[in-house]
Structure formats: structure tokens, C-alpha cells
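Asks: Dropping the sequence and predicted coords here.
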Amino acid sequence: MANIDHTRLHLDDGIGLPAQLGTQRLRGVLAGGWWQQSRYAARLPVHPPQPLVRGDAERGRAMLRGQFTLSGSTAASAPANLFSIDPPSEQWREALLTLAWLQDLAATPLQLAGLTARAALVVWQQQTMNRLSPRQAARALINLSAQADFLLRGAGGEFQATFFQIISKLCRRTEPGFIEGAETALLKGVALSHAAVAFQFPKSTRESTLTQVTKSLDKVVLPDGGHVSRSPSQLVQLALDLVPLQHALRASHLAVPAALNAALERLLPMLRLLLHGDGGLAAFHDGGLASRGDVQAVLAADASCGRPLALAPYAGFGRLAYHDGRLIMDTGSGGACGSTLACEFSDAGQRLIVSCGRPAEIRHAWHRALATPAAHSSWDMSGDLACLAPSLKSETVSSPQGGLLRASLLARGWRRKATHQRSVFLAASGDDLRGEDRVRIEGRVPQSCCLRFHLHPLLAAEPAPHPNCVSLALPDGRSWMFSQAGGSIAIEDSVYCDAGGSPQPSLQIVVRSAQADGLDVRWSLRRMSGRSPVAKAPA
């Protein structure tokens, strides 16, 4: 029998393979691509994960007029040229590449919005998709999965084929790698799971992507619900990704992994620990970059409405909350900022004692400076002391009179040792905050040892009649009195970044020590009934 060229036979006739596989797909089989194509074979979406934060219809209408507002910056461009213009900021460029703008067009009840989105997506595929990083590809896959109904509504067969081809390519770009961090592995797993549920991938594919999520979750979400980076804003973003996936699995009558449910049960009370009375998060470790709308959307999806934690020993945060008073302390180390043992305090919807925050633009001139201890309300652990690896302890004590939060820091280095003990008491009335800070430094002592209390820009500060007091006034007429004993007090300039914006002028109270080897200061912040009362310094 003559030899038969099986390769040519299969290519020309499709013998021995399913009839629905044409010649082009058959060539992919022989090249090793058939398994990948079947693994990510997408069907029309039924229950795609729906984002917790809806798009802005007004921004969507502006996009139809050529004005694209992303991450707080605006650029003018036609959709065909959108991916070739100079971005106004790095955050704008990131939002553009990851297709975050689709939700604004989807919120616009105009047929033109769908046409514009499809045209822009085709240009994105041609000019940008192949240059995305794995993290960008994962974020784009999440956004496309959420907006699949909007993009495919009224679309022709040619665009549908292009769309599913995009989904398949993004899935391959998002597959787990051999060497990658837990956060990247989790983002990839979440993105693939969003697509697997949205586009009804085969059961084996869906199960493997969910397994990838469960393997990474415990490495990213700490036992107390904190994020491994200690960043409140990243915790919010993770919740924005996980909650829609949980809801979509339930809507599709699919089993929700126990690890996913458990992670959300830990995560949401942790977010409440970090919540101020104005609905925003504490600004430690870039927490101020999380928008209040995103935070409230996550908490609104929490059906259990669990109580906030008082102390998170793994993430390193503590909280005292009575009536309208909210005190949040950073009791951990590591992360984006040197804010160890720093406090923030708010009264109802008004923040009083704050951290300076940080601008969203990483390249901003202030970005590094506002990560230092001097930009937080605590002991200014300056210079090489801030580089020492600390060990920390913290505890909370509750009583009918109020709550006490104690934390201590011990930092050792070559010929250097520093200890900082901070105790803060918040009365049950929520309007009387008292603190005590003790710092001891062995070895070379810095020229100036001081405590800083940064104030929100809305507060007006002026010296009170007593030399150790500062009167604080709010625009609505409420007043507070800051008092101290153990040092000299001064009002100095500061800056404040709200929601990642540019720094704006504010003030800070600085208490400088008279001791040669550290400081020992007692201080209080009390709400007063009058406009400018006279207060006594703490005994």
C-alpha cells in the first residue's frame, strides 16, 4: 500500500476530525492551538458579572462628543485616534488601555454609544492589545466580560467573531505563569473566572480558573481580612472584583468556592474598620486613593452588615468608635507609607486629625515625600530610625467609659534602638480623645524629636489663651480644643491630598520635646460647646 500523506489528507478533507472544524481551525489543531481554542470557546453571555459601580451616563455622552474623562483627567480625541494621542496622565492611560471607559458608554442610552464602543474596541485590538502587560490584559478581560451584553447588542456577525477572538486572546495572555507574585496570580485567576462565567466556558475550564482563585486568595487576603500589601485601596479593588464574581456564580446556579465566601466574610469587616464617618477610608498606605463611591458600593453589597473589627493584628490596624467619634491607628509595619502608630480621627462626617495622603500620579513630585513618617500624625521617626525593622504589639480595652488602644514599637539597628509607646483613649461620648506618647532613643539622638498632628484643610487653627493649647474651628461653628503637656506646641504649614488629588495647603500641630533622649507627651482633643473656650492642658 502506498504511503499516504496524512497531513495533507487532514488539511484538505477533514478526515477523522469533527466536520464543524474547517481548514483554518484544522491548521490550528496541527499547530497545537485546538486545545486552547476549545478551552476558551466562548458563547453568548447569560449571567456576566455585573460591576458594583455603574458607569456615568454624562461622561458617556461627553465621549460621544470626543471628550474622554478617565481617572480625573480629560483628553479630546476621535475614537479612531484615541490610542495614539499623548495621555494627560499615567492613570488616564491605564484606564484607557484596560477599557475602564466602556462602562460610561454602556450607561448612555443611545444607539450611537454602542457603535462608538465597537469601533473603538476594534482600533484597540489593532493598535494596543498585543502590547498589554499580563495585569493590563487581566483588567481588560474583566471589563470586557462585564460589558459583553452592551457590546454585542445589535452587533453583526463579523463583530461577534472579532469580539470572541479578542476574548480568547486575552484569556491566553492571562493564563498563570511559572514565576509570579500572589497578587498577580489572583488577578489573573479572577479575570479568567469572570470570563469563564460570562461566556459559559467548558466546566473543566471554569473549575480550573476558580481553583486558581482559591489557591491565591489566602496569600493575598490575610486572616483578619486585610490585604497583604496593607493598602486599603487595593482591598477595595479586590472586593470590586470578587463580589460580582460571587453574584454571577449564584445567578448562574453554580457553586461558589468556600474560599471565596470566606475571603469576603473577612474582607468586608476589615473595610469597616478603616472607614471614617464621611464614608471614606483612612489615608494610610494610599487608602485615600479609593473613591467614596467605590467604598460605599462594596459595603452596600454586604448583606450581612458585619460589625467592623476593633483590631486587625495581621494587617496592623486598630479602631475606636463611639457615637460620632472614629479613631483609626496604623499598628503595623511595612506597606507604601511610614505611618507606624499614626492616628486619624473624625467626628461624624468631618475629619480632624489626618494623614497627608498621596497624589494618584506616581511621578508626582510630592509622591515620595508624602510617604514619610513626617506626613503622618505620629512621632516623626526621621532619618535612619525610619529604616529600622520594627517589632510591634497592640491591644484594645473596652469599658463603659470608652475604649483604649495601646500599641508599642521597638526598632533595633546597629548601635541604635528606639521605642515608641502610644496609648489613645476615646470616651464613650465620642467627643473626648486623649493620648500619651513615650519615645526613647538610644544612640545618636536626632536634633529634633516631635509629634505631628496634621489637620484637615477645613479646620482653622489658632493659639488659645493657654500656652499649651490650640483652638480648632470648623466652618459650621463647631470648635475643638487640642491640649498638650510635656513639650512646646506650634502651628505650622502642612499639605493634604484628598482622593488622590494635588496637594492643597493645610496646617499641622507640632509638639516638640524638651528631652534629650526622646519625648514624653500627654495630649487631648476635646469638642467644646463655645467658639473659643479656654481649656486646661492635660495634667
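Replies: Yes, it's here.
Asks: helix or strand right after the stretch of helix or strand residue 69 belongs to?
Replies: Assigning secondary structure by DSSP states H and E places residue 69 in strand 67-70. Using DSSP H and E, the helix or strand that follows strand 67-70 in sequence is strand 73-76.
Asks: So what touches that next one?
Replies: Contacts with strand 73-76, where a contact means C-beta atoms under 8 Å, 6 or more residues apart in numbering, come from 66, 67, 68, 85, 87, 88, 89, 91, 92. Just so you know, the C-beta spots here come from the backbone N, C-alpha and C atoms, and that holds for glycine as well.
Asks: Could you rerun that using 10 Å?
Replies: Applying C-beta atoms under 10 Å, 6 or more residues apart in numbering, the contact partners of strand 73-76 are 59, 62, 65-69, 82, 85-93, 95-96, 360-361.
Asks: Is it possible to mark the buried ones in those residues?
Replies: Neighbour counting by 16 or more other C-beta atoms under 10 Å classes 59, 62, 68-69, 82, 87-89, 91-93, 95-96, 360-361 among these as buried.
Asks: Which members of these are positioned in helices?
Replies: 59, 62, 91, 92, 93, 95, 96 (DSSP state H).
Asks: Show the contacting residues for the nearest residue to residue 332 once chain neighbours are set aside.
Replies: In space, residue 332 comes closest to residue 316 once its chain neighbours are excluded; the distance is 1.5 Å by C-beta to C-beta, 6 or more residues apart in numbering. For residue 316, the contact set (C-beta under 10 Å, 6+ apart) comprises 222, 224, 226, 230, 284-285, 329-335, 339-340, 392, 394, 407.
Asks: do residue 227 as well
Replies: Residues near residue 227 by C-beta under 10 Å, 6+ apart: 183, 220-221, 233-239, 267, 270, 285, 315, 335.
Asks: That one and residue 56: what is the separation?
Replies: Distance, residue 227 to residue 56, by C-beta to C-beta, to the nearest Å: 27 Å.
Asks: again with residue 201
Replies: 31 Å.
Asks: of those two, who's got more company?
Replies: residue 201 (24 against 15; other C-beta atoms under 10 Å).
Asks: now that one, nearest residue through space, not along the chain?
Replies: Residue 201 sits nearest to residue 40 (C-beta to C-beta, 6+ apart), 6.3 Å away.
Asks: where does that neighbour fall, phi/psi-wise?
Replies: Here is the backbone geometry of residue 40 (degrees, to the nearest 10): phi -110, psi 30.
Asks: was I right about it contacting residue 198?
Replies: No - the criterion here is C-beta atoms under 10 Å, and residue 40 misses it with residue 198 at 11.8 Å.
Asks: Pick out whichever of these two has more residues nearby.
Replies: Per other C-beta under 10 Å, whichever of residue 40 and residue 198 has more neighbours is residue 198, with 29 against 23.
Asks: Distance of that one relative to residue 151?
Replies: Distance of residue 198 to residue 151, given as C-beta to C-beta: 12 Å.
Asks: got it, and residue 368?
Replies: Residue 368 is 40 Å from residue 151, by C-beta to C-beta.
Asks: higher neighbour count, these two?
Replies: residue 151 (22 against 10).
Asks: okay but that one is in contact with residue 102, surely?
Replies: Yes - between residue 151 and residue 102 a contact is recorded at 7.4 Å, counting by C-beta under 10 Å.
Asks: Can you work out which residues contact both of the two?
Replies: Between them, residue 151 and residue 102 share the contacting residues 117, 121, 144, judged by C-beta under 10 Å, 6+ apart.
Asks: what secondary structure does the last one sit in?
Replies: Of the three states, residue 144 takes helix under DSSP: H, G, I helix; E, B strand; the rest coil.
Asks: And the pLDDT at the closest residue to residue 85 other than its chain neighbours?
Replies: Closest residue in space to residue 85, ignoring its immediate chain neighbours: residue 77 at 5.0 Å, by C-beta to C-beta, 6+ apart. As predicted, residue 77 sits at a pLDDT of 92.
Asks: Return the residues in contact with residue 77.
Replies: Contacts for residue 77 (C-beta under 10 Å, 6+ apart) come out as 63, 66, 67, 68, 83, 84, 85, 96, 120.
Asks: Quick check: closest non-adjacent residue to the most centrally placed residue in the chain.
Replies: By C-alpha atoms, centre = their mean, the mean C-alpha position of the chain lies nearest to residue 233, the distance being 1.7 Å. Among residues not flanking residue 233 along the chain, residue 290 sits closest, at 4.0 Å (C-beta to C-beta, 6+ apart).
Asks: Would you agree that neighbour is in contact with residue 281?
Replies: Yes - the criterion here is C-beta under 10 Å, and residue 290 meets it with residue 281 at 5.4 Å.
Asks: Touching both of these two, which residues are there?
Replies: Common contact partners of residue 290 and residue 281 (C-beta under 10 Å, 6+ apart): 231, 232, 233, 235, 236, 271, 274.
Asks: and the fourth one, how many neighbours?
Replies: This means residue 235. The local packing of residue 235 (other C-beta under 10 Å) involves 30 other residues.
Asks: Please identify the buried residues of the strand or helix carrying it?
Replies: According to DSSP H and E, residue 235 maps onto helix 232-251. Along helix 232-251, these residues count as buried under the neighbour rule (16+ other C-beta under 10 Å): 232-249.
Asks: Please apply the same query to stretch 442-460.
Replies: Buried residues in stretch 442-460 (16+ other C-beta under 10 Å): 445, 449, 450, 451, 452, 453, 454, 455, 456, 457, 459.
Asks: Nearest to residue 524, out of those residues: which one, please.
Replies: Minimum distance to residue 524 across the buried residues of stretch 442-460 is 11.4 Å, recorded for residue 453 (C-beta to C-beta).
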